[in-house]
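Chemist: generate a structure from the sequence data that follows.
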Amino acid sequence: MSLSLAPVSAAVYSALHVAALTTLAPGGVHDDVPQSASFPWVLYEVQERDVRGFGGGALPEVDLRVRVFSTYPGKNEAQRIIAKAIELLKDQTLTVTGFDHCGRVIYDSTVLVGDEEINGVVCHELAANFRIYVEAQ
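Modeler: The predicted structure follows:
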C-alpha cells in the first residue's frame, strides 16, 4: 500500500474524537462538512506527497489541517478548541494501519481563516496545520 490518506485519517480521527475535544466541540469531529451538525465543530483534512527521494518504496509526507467552526461572538471559543486539538496532536505518535509513523506529529502553524458561511450560518474559522511522515510497511 502506498497511499496513506485513509489510514492516516483514521488515526487522526481516533486522536481527536475524545471527550476532551468533543466536550468543547459538541458538533463533533468530521472529515467532511456535516449537513446538520451543531456548532462548534471540528473538520480535518489530509493531503499527501511522496518525499522518498530517489529510493524505492514510499515515504508519504501528510499535511493535516484541523479546522474549527464556531458561531460564538469573538474568537475565544474557536481558540480554546484549536488549542485542545493542538494539544492532542502535537508531538504525538499515531498508530497508522499499514504504515510506520516516522517521528511524531509536527505542529506548524495556526491561521485565522475568518468568517465562513456554512449551511446558511455565518461562523468563525480557525485552522491549525501539521505534518505527519509515515513509511509503508
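
Chemist: tell me if Leu88 really is in a helix.
Modeler: Yes. Under the criterion used here (DSSP: H, G, I helix; E, B strand; the rest coil), Leu88 sits inside a helix.

Chemist: nearest spatial neighbour of it, chain-adjacent residues omitted?
Modeler: The shortest distance from Leu88 to any non-neighbouring residue, by Cβ to Cβ, 6 or more residues apart in numbering, is to Ala15 (5.5 Å). Glycine gets a C-beta too; all of them are placed from N, C-alpha and C.

Chemist: next up, the contacts around that neighbour.
Modeler: Contacts of Ala15 were listed using Cβ atoms under 8 Å, 6 or more residues apart in numbering, and they are 88-89, 92, 94.

Chemist: counting neighbours, what do you get for the residue nearest to Lys84 when sequence neighbours are not counted?
Modeler: Here the nearest residue to Lys84 in space, its sequence neighbours aside, is Leu21; by Cβ to Cβ, 6+ apart that works out to 5.2 Å. Neighbourhood size, Leu21 [other Cβ atoms under 10 Å]: 20.

Chemist: the longest strand in this structure is where?
Modeler: For the chain, the strand that runs over the most residues, judged by DSSP state E, is strand 121-136.

Chemist: how about the helices in this protein?
Modeler: 5-16, 19-22, 76-89 (DSSP state H).

Chemist: can you say which of those is nearest to Gly98?
Modeler: Comparing the helices of the chain by their distance to Gly98 (Cβ to Cβ), the top pick is helix 5-16, with 5.5 Å.

Chemist: quick one: mean pLDDT over that closest one.
Modeler: Along helix 5-16, the predicted confidence averages to a pLDDT of 97.
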